[in-house]
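Enquirer: only geometry, no sequence info:
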């Protein structure tokens, strides 16, 4: 069934965008303003999705009042800086997830999802659009018709699916760094390894708690999630297990690569020290002979007035140094 064109009404002060999608009688409508939202919520047959692209209190609080959210939930949404979590308060479920992208460094956007009996609220900052998720590129009202809980699944599934390209990009970078460590380690390689360790810690902090969220959603009798939809949330839970396992593997790979880097640097240092020791052995032999026989006759030797013994000693020194260099070369010290 055709739908109205999508709209993105700005808030009065221009701080954000509030999109409202209502589904009733098999039709999807895009609403503008709090008045139409109030009317839609008053219709028992209508299901609503409100997407707020701002964290400004003047945009969030009116919606929170209409949806009758608990004040603690509204406060957490406005304050941000939350960890991934699951909270059930006042007959609603508040889920915090993180959309993550990686282009040399981790970019994360906190996504607050509040599930009610007939409505779903999503709040996030600009830079991420749920409509861009493959699961919602068609008519989001189709998901909404199956219930706000199914729309919650669709959004969460899209967010978690976005983790896999991030993990793949990290795997490729780790492989490249491992090649650099074996072939020619540099200080840049070390800096990048430490940067990757920090990024992996950030990813673990954002991703790992999500497993517990979907464990709660699939194992608790919430009443807001239909029994036939639990299997979909379990599928997301399985994806998160894969993601966290691969994330742990990447952390071990980075730690192992760092150890290989340090070992390689130490081996190179040992090689340099051996070569310096070999050169020292050669020069020390020459210096010992020179100390015994002295250099007071060097001037007369250069003027061809020195006795033959001087040249014999000089020849012995040169031949001894060459023999020492040959032996050290055979044992790979120089």
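Expert: Now that the structure is in, tell me what you want to look at. These numbers were taken from a predicted model, which means no experiment stands behind them.
Enquirer: any low-confidence regions in this structure?
Expert: Across the chain, residues meeting the criterion (pLDDT under 70) sit at 1-16, 281-282, 285-286, 288-311, 313, 328, 331, 333-334.
Enquirer: can you pull out the strands in it?
Expert: With DSSP state E as the criterion, the chain has strands at 17-24, 27-31, 47-53, 85-89, 92-102, 106-115, 119-124.
Enquirer: What lies in contact with the fourth one?
Expert: Which is strand 85-89. The contact list for strand 85-89, computed with CB atoms under 8 Å, 6 or more residues apart in numbering, reads 70, 72-73, 76, 93-96, 209, 212-213, 216-217, 220, 222. In this view, the C-beta of every residue, glycine as well, is placed from N, C-alpha and C.
Enquirer: hang on, the earlier thing: let's have the strands of the chain in TSV, adding distance to residue 132 and mean neighbour count.
Expert: Output for the strands of the chain, formatted as TSV (distance: least, CB to CB, whole Å; neighbours: other CB atoms under 10 Å):
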stretch	distance to residue 132	mean neighbour count
strand 17-24	13	22
strand 27-31	17	18
strand 47-53	12	24
strand 85-89	24	16
strand 92-102	10	22
strand 106-115	12	20
strand 119-124	12	25
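Enquirer: Reformat the ones you listed as CSV; add distance to residue 203.
Expert: Formatted as CSV, the strands of the chain follow (distance: least, CB to CB, whole Å):
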stretch, distance to residue 203
strand 17-24, 28
strand 27-31, 35
strand 47-53, 24
strand 85-89, 17
strand 92-102, 7
strand 106-115, 6
strand 119-124, 18
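Enquirer: Residue 198 is nearest to which of those strands?
Expert: In terms of CB to CB, the element of the strands of the chain nearest to residue 198 is strand 106-115, at 8.8 Å.
Enquirer: Name the surrounding residues that touch the closest one.
Expert: For strand 106-115, using CB under 8 Å, 6+ apart, the contacting residues are 67, 69, 73, 76-77, 80-82, 92-101, 120-125, 127-128, 130, 148-149, 152, 155-156, 159, 166, 199, 202-203, 206, 224-225.
Enquirer: Run through the neighbouring helices and strands of the longest helix along the chain.
Expert: Taking DSSP state H as the criterion, the chain has its longest helix at helix 230-293. For helix 230-293, the elements it packs on are helix 148-161, helix 163-183, helix 187-207, helix 209-219, helix 308-330, judged by 3 or more CB pairs under 8 Å, 6 or more residues apart in numbering; DSSP states H and E.
Enquirer: for stretch 207-227, how far is the first residue from the last?
Expert: By CA to CA, to the nearest Å, the extent of stretch 207-227 from end to end equals 26 Å.
Enquirer: tell me which residues in that stretch are buried?
Expert: Residues of stretch 207-227 classed as buried by neighbour count (16 or more other CB atoms under 10 Å): 207-211, 213-218, 222, 224-225.
Enquirer: Kindly reformat those as TSV containing distance to residue 192.
Expert: TSV is the format used below for the buried residues of stretch 207-227 (distance: CB to CB, whole Å):
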residue	distance to residue 192
207	21
208	23
209	27
210	27
211	29
213	32
214	33
215	35
216	37
217	37
218	39
222	44
224	45
225	43
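Enquirer: Of those, which is the nearest to residue 175?
Expert: Residue 175 has its nearest neighbour among the buried residues of stretch 207-227 in residue 207, at 20.9 Å by CB to CB.
Enquirer: wait, isn't that closest one in contact with residue 100?
Expert: Yes - if you go by CB atoms under 8 Å, residue 207 and residue 100 touch, sitting 7.4 Å apart.
Enquirer: what do these two both touch?
Expert: Shared contacts of residue 207 and residue 100 (CB under 8 Å, 6+ apart): residue 163.
Enquirer: thinking again about what came up before, nearest to residue 249, of the strands of the chain?
Expert: Residue 249 lies closest to strand 92-102 among the strands of the chain, at 16.2 Å (CB to CB).
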